[in-house]
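Chemist: below: sequence and its predicted model.
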Amino acid sequence: MLTFWKVHKISILLVLGSLMFYKVFAYDLQRDDFTKLITLFAALFFFCFQLIKFEKWNFKFLLVTGVLFRLVFLIAEPNLSQDFYRFIWDGELIKNGINPYLYTPNTLIEKSDLAIANAQQLYDGMGSLSARHYSNYPPLNQIIFTISSFLGGGSILGSLIVMRITTILADIGILYFGRKLLQNLGRSNHLAFWFFLNPLVIIELTGNLHFEGVMLFFFVWAIYLISTNKWKQAAPIYAFSILLKLVPILFLPLFLKHLGLKKSTLFYSLIGITCIVFLLPFYSSEFIANYSKTVGLWFSNFEFNASVYNLVKKIGVLYFEAKPWELVKSYGSLIPKVIITLALLLTFFRKNQNIKTLMNSMLILLSSYYFLSSTVHPWYIIFLLILGILTNYRFPIVWCLLVILSYYAYTNPGFKENLWLLTIEYCLVLGYLGFEVFKNRNIMSSFRKKFNLN
């Protein structure tokens, strides 16, 4: 024991310091205290960097460390997000035989015979924005919410604990399959700890209960199976990732070249069948209309932590007298078309037969979507983090640190953003991305050759 302390003294002190800061983050932080928020986050990020630097080959030490960090949040109420109230609300509805895609909370709360646990507390907690819309969480998410409500026994804390355990197990699964996938890609498997020990991952997934981690577990598992030529087994697992969050749909065209026409047709069919099986219990004549309307709001109504959109908005309002509420709708309707076009270009003009090229194509596509999107919540960046770890790009790690600047919006009641802070965030992220692109000689050499610039 004494020898272990001597060898790992600095690392143990870093772990103890991190545990203390995570405890403060979980139980003694209000989201409008921006100074405290970014100070804790910056310190935790520095400790994470040092831990990986000192212990990157010590798998057991870092595994236990990452689990301990997550367990700190086990009984804490999320303090940076109120989405968990809607999660439990949807789970309670399904537990009582009510389809969450067919009724808004505003409609249901008026019913005197609404017999779900903690209805008023959940309704008040989710906020007016969530309360006036139909649920936008895909079916597999709803199943997790329902299981959490059953096992939680009508207690909000009980449901939170079940969901937290689910997210922790998913993160361990990502670490397991991520290390295997990194080996198949010829990369060092210690890079997976940039996910597992990342403060943004721990705070947003375990702390604030966003289910990107569960989605990424199925995504990484599926990509690992594809990398070992087990694409048939991968198809339903990939469908599970879609059934948790819709983002993996973006990458479906990219598999066309990687698998070939015959295999990809069967791959897509298996994904489609799996999705239909899970959608059927929720299906009704109103389901598609309600769900499409709610999902469409993300493209046409919401804006948060945007880069290109904020620039377009500033120019439009200053020089063309555009109305912001009309601009976001017009801009939002254009983005899906741009991303679909880019997906098709990446599908037919890149050599995605190679698994490494496929990963790079996914990174290009998702990065473009986030840079163009009008809404980029901090936890969205975690998907980019995974793709960055699987490729030669580290700008998502930089973004994981800088995205915390977007939380300045919560320091005032109107959630007004500080455009100077967003400018700093995106200038540094894009600057580092530019540096990485020009540093990568293979990419620039390929670019010059393709366009006869040699």
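Modeler: In hand now; what should we look at? Every value quoted in this text rests on a predicted model; they were computed, and no experiment measured them. Numbers count the residues shown, from 1 in each chain.

Chemist: pLDDT wise, what is Asn442 at?
Modeler: Each residue has a pLDDT score; the one for Asn442 is 56.

Chemist: ok, Pro378 - contacts?
Modeler: Neighbouring residues of Pro378 by CB atoms under 8 Å, 6 or more residues apart in numbering: Leu200, Glu204, Asn305, Val403, Ile404, Ser406, Tyr407. Quick note: C-beta positions are derived from backbone N, CA and C, even for glycine.

Chemist: how near is it to Ser135?
Modeler: Using CB to CB, to the nearest Å, Pro378 is found at 22 Å from Ser135.

Chemist: what's the closest non-adjacent residue to Ala306?
Modeler: Of all residues beyond its chain neighbours, the one nearest Ala306 is Ser374 (4.8 Å), with distances taken as CB to CB, 6 or more residues apart in numbering.

Chemist: and the one you found, what are its phi and psi?
Modeler: Main-chain torsions, Ser374, degrees, to the nearest 10: phi -90, psi -10.

Chemist: any idea how far it is from Val338?
Modeler: Using CB to CB, Ser374 is found at 13 Å from Val338.

Chemist: next, count neighbours for Tyr27.
Modeler: By other CB atoms under 10 Å, 13 other residues sit near Tyr27.

Chemist: mind checking the SS state of the nearest residue to it once chain neighbours are set aside?
Modeler: Distances taken as CB to CB, 6+ apart place Ala76 nearest to Tyr27, at 5.7 Å, with adjacent residues excluded. What DSSP: H, G, I helix; E, B strand; the rest coil gives for Ala76 is coil.

Chemist: one more: the one 3 residues further on?
Modeler: Three-state assignment for Asn79 (three-state DSSP): coil.

Chemist: neighbour-wise, which of Ser374 and Val338 wins?
Modeler: Between Ser374 and Val338, Ser374 has the larger neighbour count (other CB under 10 Å), namely 25 against 12.

Chemist: my guess is that one meets Tyr331, correct?
Modeler: Yes - the pair formed by Ser374 and Tyr331 meets the contact definition of CB atoms under 8 Å, at 6.3 Å.

Chemist: what's the overlap in contacts for the two?
Modeler: The contact lists of Ser374 and Tyr331 share Tyr309, where a contact means CB under 8 Å, 6+ apart.

Chemist: these two touch, right, Ile424 and Ser406?
Modeler: No - taking contacts as CB under 8 Å, Ile424 lies outside contact range of Ser406: 10.9 Å.

Chemist: comparing those two, which residue is more hemmed in?
Modeler: Ser406 (19 against 13).

Chemist: SS state for the more buried one?
Modeler: Under three-state DSSP, Ser406 falls in the helix class.

Chemist: tell me who's in contact with the spatially closest residue to it that is not a sequence neighbour.
Modeler: Using CB to CB, 6+ apart and skipping residues adjacent in sequence, the residue nearest Ser406 is Asn305, 3.9 Å away. Applying CB under 8 Å, 6+ apart to Asn305 gives the contacts Thr375, Val376, His377, Pro378, Val403, Ser406, Ala409, Glu417, Leu422, Glu425.
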